[in-house]
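Colleague: My questions concern the predicted model and sequence given below.
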Amino acid sequence: MAVGFEDYGPDCDSMRITAFLDIPGQDNLTPLARLEKYAFSDNVFNRQIIARGLLDVFRDFSNNEEDFLTVMEIVVRLSEDAEPTVRTELMEQIPPIAIFLQESRPKFPTAFFEYLMPIVVRYLTDVNNQVRKAGQEALLILLEQDLVAQSDIENKVCPILLDLSAPDSDDEYKVEAVNIICKMASMLSRTTVEHMLLPRFCELCSDGKLFQVRKICAANFGDICNAVGQEATERLLIPKFFELCSDSVWGMRKACAECFMAVSYTTSPEVRRSKLSPLFISLISDTCRWVRQAAFQSLGPFISTFANPSSAGLYIREDGTLSIRPSTQDVNSNSCQPSNNITLIASSTNATSSSSEQPMEIKSESSTEQTSAEVNTPLSVENLNKDTWEASSDCCTSPGEDLSRLSQDDKVVAGVVEVSKDSNFPGTNSRLQSAEDVFNTFLYWRPPLPDISQDLELLQFKTEKHKDSCSVPCNNCVASSEIKKVLESLQEHIDDPDVQVQVQVLSAALRAAQFDSVGECETKKMEESSGKLQNKNISGETAVSDATCNQLEEDILSSPASQDDISDESTPSILKSTDSGEQHRGTSVFLKKEQENNPPFEDDKSKLQDIIPQPLLDQYLSMTDPARAQTVDTEIAKHCAYSLPGVALTLGRQNWHCLKDTYETLASDVQWKVRRTLAFSIHELAVILGDQLTAADLVPIFNGFLKDLDEVRIGVLKHLYDFLKLLHADKRREYLYQLQEFVVTDNSRNWRFRYELAEQLILILELYNPNDVYDYLRHIALTLCSDKVSEVRWISFKLVVAILQKFYANNASALGLNFINELVVRFRHCSKWVGRQAFAFICQAVVEEECMPVDQFVEHLLPSLLSLASDPVPNVRVLLAKALRQTLLEKAYFKSVGNPHLEAAEETILALQSDRDQDVSFFATIKLKQNNMDNTPIEKQN
């Protein structure tokens, strides 16, 4: 009787499909001939099974060259089958066949390129949808495994995809082609993508016929940017990204918001700040709620792309953990940067003063690390035209103009003012020194002492200029009145979410205009006080600091007449910050006192920084506003909490004051999911902030989480050791008593909570001295040893062993002896057999870990252990046999001749070998080959 495929059902995938080829039948055909017969049978099912079993066929016939070529010919003919299901089955087998041939055949490239690769390319244009999808998936797998030659990619694959994505191509083919182009971009070389696929991708981003094509481009934009690199991204892709972000279809804008972080990651800091930041503000203020929702979710990740390891004092290692010291790569790269240029940042002085109130805890171990922190500060000098300085007065001229400027390619963002070294202001050239003089270690780590004597001439010069220009009208009042009129006209439609967004922007502009007028008054008061300083002898030998440079900037900014001296060279317009008060902040003691006398603006000034554009930070801080949950996303607070460590790392601990109120608001949020998110990341935030800020701001919130719901407490508990080790010893000791509260849970069946507690306690032991461990942690360990759940008891026994090791490692033998006596009473003489079995396991673990001297063990534990040989419960004797045979008798101490304790142990083993229970005699006789203890829960040995 002939054997055919009819004998195999649809469940034959798990067996060798081609086994029938080896069975001689009535046809008297060779296996190869029988293969050819069924490969071209009229029965479709037979052909499907042949296609499905091609991998087994190649395994059988790959040893013989002629048979191998014959099979290849059969595969080529089978690929032309008229039935789509056969072609689909065949294409699904191409990747595993290629991998097998690469591993087993030396002539793999020739066989693959001549026979299999043409099939894959041809199936990309197959008329059947399922066949095309199978071909696309196979191509991606082959590219991922690096099985396709570069020549085939450039000469076969890319031309086909370019033809399918042509403007006159079929819509269905075009959508599939652009999808393949986006997915394979990350697997190809940068040169191939940039020269062959990037031009077509840019054309597809502007496809006006199919929005599906543009949506695929928008969704994969970040991958394309990463594939081509920074130069091509900024030159070709960023303009296309701007078009997609302003697309009429909201789905495109939403896709752009979702991939914004990936795009930002591949751009330079200048482009990120001047172009992408205004673009993101436009997305976050979009008229569509779904776009705003996606933008707010990406806001934190986008802000994290501004992170600078040197300025933050931290960097992320390859394993994902935070480290305080800068990496060697950063030090080497930063040491090569030019230092002859200077950037004056208006808000840098506030960061300096805040850092003095909240000292940074970065402790560099070498001067090289300190240098890297200085040199990495952005340093650049560019010419500035008159429009830049006039931005302070024009920023609130009209709401429409303010909104339109958010989408421009601005070069100077959020109060960054760049001054030319060639400016003709008195005292400028003498005070603009090299970067080494400005950003030295002394000035970097503490507030500088400004050289007032060099400021007096400049202040006097500015006063004279100001008298000449005192008749110049101020436009702030006019701008404020116009904004108020617009706001009043919008009150009728305040229920509209879009109108609410406009009102927020206009309110910020109004606040900025009012802040401008206050800044001018402060400048006048400072001018009046400057005359009194001339009679005082103030000597200063320190170099010019960034605070003094900012004072110079304010002097220039507050003097309208001095604007005539600024060159008219063309520069891009400046992006207006929502709070222009940061242009009026100085570091002079007198100006600081004047600013402290203006309470309405104190809250605004506390949120100012110079790391990221201020509008981005303002929008991030607004995510805790209850109105956002109604107009954007009900879980917007959770997204804010999730990305807060990344934002804190970006801003650095010196700018923690910007996030402190937001963190406290999130920590008291009514949604437990928000608090849970913070609880899981509070240990990472503690690393970022350092021990002083952690003790002042995080410890109170940490204490609140300890008393929260179990869903929140588990986040704190999982990283309890990581958080406690960052605290000072005296502060850490306060938590000894609170650790007992973790034993009690809202639901007693939540045993995993107690299991996690035991695991953390094993780590926490190293943080406390033996006396504290004995007084506090010992009680918790013994309580967990009596838990109802075996998994908790199992890990608790290991905790007991770790405690015993802690005592003897720190020469606390008295505490160790007391603990041993307590273990003997609690477990060896326990009325339940589970306790006596646990005692055998603890003794085995003590010997295995060598956590106490052998003489102490044989004196205090060994007699009680050997007495278990007469226990009535077989499970206890089984574990005793394992402890003696697998661990105790393997130690060198018990192998020495004449050891008095060896005889007692051998007698016990002999008694167990003749035990009436088979399991006991088995484990007492057999010598298992294992290095570690049996990790099976002891209760499962029933």
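Modeller: Now that the structure is in, tell me what you want to look at.
Colleague: Please count neighbours and contacts with C-alpha atoms only from this point.
Modeller: Will do.
Colleague: And the strands in this structure?
Modeller: 315-316, 322-323, 344-345, 416-417 (DSSP state E).
Colleague: any idea of the mean pLDDT for the third one?
Modeller: Over the span of strand 344-345, the pLDDT mean works out to 30.
Colleague: Can you mark which positions in stretch 179-188 are buried?
Modeller: By 16 or more other Cα atoms under 10 Å, the buried positions in stretch 179-188 come out as 179-182, 184-186, 188.
Colleague: swap that for stretch 705-715, please
Modeller: Going by neighbour count (16+ other Cα under 10 Å), the buried part of stretch 705-715 is 705-706, 710-715.
Colleague: Distance to residue 785 added to these, as JSON lines?
Modeller: Listed next are the buried residues of stretch 705-715 as JSON lines, based on distance: Cα to Cα, whole Å:
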{"residue": "705", "distance to residue 785": "26"}
{"residue": "706", "distance to residue 785": "23"}
{"residue": "710", "distance to residue 785": "21"}
{"residue": "711", "distance to residue 785": "24"}
{"residue": "712", "distance to residue 785": "25"}
{"residue": "713", "distance to residue 785": "22"}
{"residue": "714", "distance to residue 785": "20"}
{"residue": "715", "distance to residue 785": "23"}
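Colleague: In helices, which of those residues appear?
Modeller: Among those, the members falling in helices (DSSP state H) are 705-706, 710-715.
Colleague: what's the most distant pair in those?
Modeller: Greatest spatial distance among these (Cα to Cα): 706 and 711, at 10.8 Å.
Colleague: List of residues touching stretch 615-631?
Modeller: 277, 281, 289, 296, 299-300, 303, 414, 497, 577-578, 634-637, 640, 659, 662, 665-666 (Cα atoms under 8 Å, 6 or more residues apart in numbering).
Colleague: Same check on stretch 777-789?
Modeller: Residues from elsewhere that reach stretch 777-789, judged by Cα under 8 Å, 6+ apart: 736, 740, 743, 751, 754, 758, 761, 792-794, 796-797, 799-800, 803.
Colleague: And that stretch, what's buried?
Modeller: 777-778, 780-782, 784-787, 789.
Colleague: For burial, what's the neighbour tally of the nearest residue to residue 669 once chain neighbours are set aside?
Modeller: Among residues not flanking residue 669 along the chain, residue 675 sits closest, at 6.6 Å (Cα to Cα, 6 or more residues apart in numbering). For residue 675, the neighbour count with other Cα atoms under 10 Å is 26.
Colleague: quick one, what contacts residue 675?
Modeller: Neighbouring residues of residue 675 by Cα under 8 Å, 6+ apart: 666-669, 705, 712.
Colleague: mind checking pLDDT for it?
Modeller: Residue 675 is given a pLDDT of 96.
Colleague: again, but for residue 298
Modeller: As predicted, residue 298 sits at a pLDDT of 94.
Colleague: One more: residue 115?
Modeller: In this model, residue 115 carries a pLDDT of 88.
Colleague: Count the neighbours of it for me.
Modeller: Neighbour count for residue 115, taken as other Cα under 10 Å: 15.
Colleague: So it sits against residue 76, correct?
Modeller: Yes - judged on Cα atoms under 8 Å, residue 115 makes contact with residue 76 at a distance of 6.8 Å.
Colleague: low-scoring stretches of the stretch 1-150 of the chain, by residue?
Modeller: 1-28 (pLDDT under 70).
Colleague: scratch that, the chain
Modeller: For the chain, the ranges with pLDDT under 70 are 1-28, 310-482, 485-486, 492-493, 495-502, 505-506, 508-509, 511-606, 894-898, 927-942.
Colleague: give me that answer again for 50
Modeller: 1-15, 26, 326-447, 465-476, 478, 518-602, 928-942 (pLDDT under 50).
Colleague: check contacts around residue 858.
Modeller: residue 901.
Colleague: that older thread, I'd like to know which of the contacts of stretch 777-789 are buried.
Modeller: 740, 743, 751, 754, 758, 761, 792-794, 796-797, 799-800, 803.
Colleague: picking that back up, quickly list what's touching both of residue 706 and residue 711.
Modeller: By Cα under 8 Å, 6+ apart, no residue touches both residue 706 and residue 711.
Colleague: Looks like residue 123 contacts residue 131 (just checking).
Modeller: Yes - the pair residue 123 / residue 131 is scored as a contact, 6.5 Å apart, by Cα under 8 Å.
Colleague: my guess is residue 101 meets residue 108, correct?
Modeller: Yes - under the criterion of Cα under 8 Å, residue 101 makes contact with residue 108 at 5.7 Å.
Colleague: out of the two, which sits in the busier spot?
Modeller: residue 101 (20 against 16).
Colleague: gap between that one and residue 149?
Modeller: According to Cα to Cα, to the nearest Å, residue 101 stands 15 Å off from residue 149.
Colleague: Over to residue 188?
Modeller: In terms of Cα to Cα, residue 188 sits 11 Å off from residue 149.
Colleague: Test my guess that residue 639 contacts residue 297.
Modeller: Yes - using Cα under 8 Å, residue 639 is in contact with residue 297, at 5.9 Å.
Colleague: more crowded one of those two?
Modeller: residue 297 (25 against 19).
Colleague: The more buried one contacts residue 637, correct?
Modeller: No - judged on Cα under 8 Å, residue 297 makes no contact with residue 637 at a distance of 9.8 Å.
Colleague: follow-up on the earlier one: tell me the one of the ones in helices among the buried residues of stretch 705-715 nearest residue 769?
Modeller: Looking across those and measuring by Cα to Cα, the closest to residue 769 is residue 706, at 23.1 Å.
Colleague: What separation is there between that closest one and residue 749?
Modeller: Taking Cα to Cα, one finds residue 706 at 19 Å from residue 749.
Colleague: now do residue 85
Modeller: From residue 85 to residue 749 the distance is 52 Å (Cα to Cα).
Colleague: And the two? Which one has more around it.
Modeller: residue 85 (18 against 11).
Colleague: residues contacting that one?
Modeller: Residue 85 neighbours (Cα under 8 Å, 6+ apart): 48, 131.
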